[in-house]
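Enquirer: Build the 3D model from these lines:
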Amino acid sequence: MPFARLRTERGRHLLTVKTPVANELFGVEHETEVADRTQMHAAVQQMGFYPTVRIRKTRRTATYGQMSLCVDEVDGIGIFLEIERLVDGGECNEQVQEEMHRFATMLEVPLTPPTPTTR
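Expert: A predicted model of the protein is given here:
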């Protein structure tokens, strides 16, 4: 089931639609910048999406090889590390997930299994 995210980052408004594919760790994303956040919010709701959660966070980013690293400090919850990597058509999703898992393990940060979310 696809879900939409409308966020504001450094004065830019971004709409992202995500569709999980193989599992909660792998999905297809489409993202674009929008000029009018209020109008886009109304349009997204008109398409049948509805607000579920509002998250306020501070993000620091880096790259390591082909991986994107994000350290998020989420208000009232804590600090999280997100590791992402774009997968091209010729790569195996599960192998890329294993590569990222090995990298996270090397960092010696506590790992928790992904949890399905309802949006």
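
Enquirer: phi, psi of Q45?
Expert: phi -70, psi -40 (degrees, to the nearest 10).

Enquirer: what's the longest strand in the protein?
Expert: strand 12-23 (DSSP state E).

Enquirer: What strands flank that one, and is each parallel or antiparallel?
Expert: With DSSP bridges as the test, strand 12-23 is paired with strand 3-9 (antiparallel), strand 26-34 (antiparallel).

Enquirer: average pLDDT across the longest one?
Expert: pLDDT averaged over strand 26-34 equals 89, rounded to a whole number.

Enquirer: What helices and strands are in contact with the helix or strand that Q97 is a member of?
Expert: Secondary structure assigned from DSSP states H and E places Q97 in helix 93-106. Judged by 3 or more C-beta pairs under 8 Å, 6 or more residues apart in numbering; DSSP states H and E, the packing partners of helix 93-106 are strand 12-23, strand 78-84. All C-beta spots, glycine's among them, are computed from the backbone N, C-alpha and C.

Enquirer: And those, which one averages the lowest pLDDT?
Expert: Of all those, strand 12-23 has the smallest average pLDDT, which comes to a mean of 86.

Enquirer: How about residues contacting that one?
Expert: Residues from elsewhere that reach strand 12-23, judged by C-beta atoms under 8 Å, 6 or more residues apart in numbering: 1-8, 26-37, 40, 44, 93-94, 114.

Enquirer: Any of the residues you listed buried? List them.
Expert: A4, L6, V34, M40, V44 (16 or more other C-beta atoms under 10 Å).

Enquirer: now, among those, which is nearest to R54?
Expert: Nearest to R54 among the buried ones among the contacts of strand 12-23: L6, at 10.5 Å, using C-beta to C-beta.

Enquirer: quick one, what contacts that closest one?
Expert: L6 makes contact with H13, L14, L15, T16, V34, R37, M40, H41, V44 under the criterion C-beta under 8 Å, 6+ apart.
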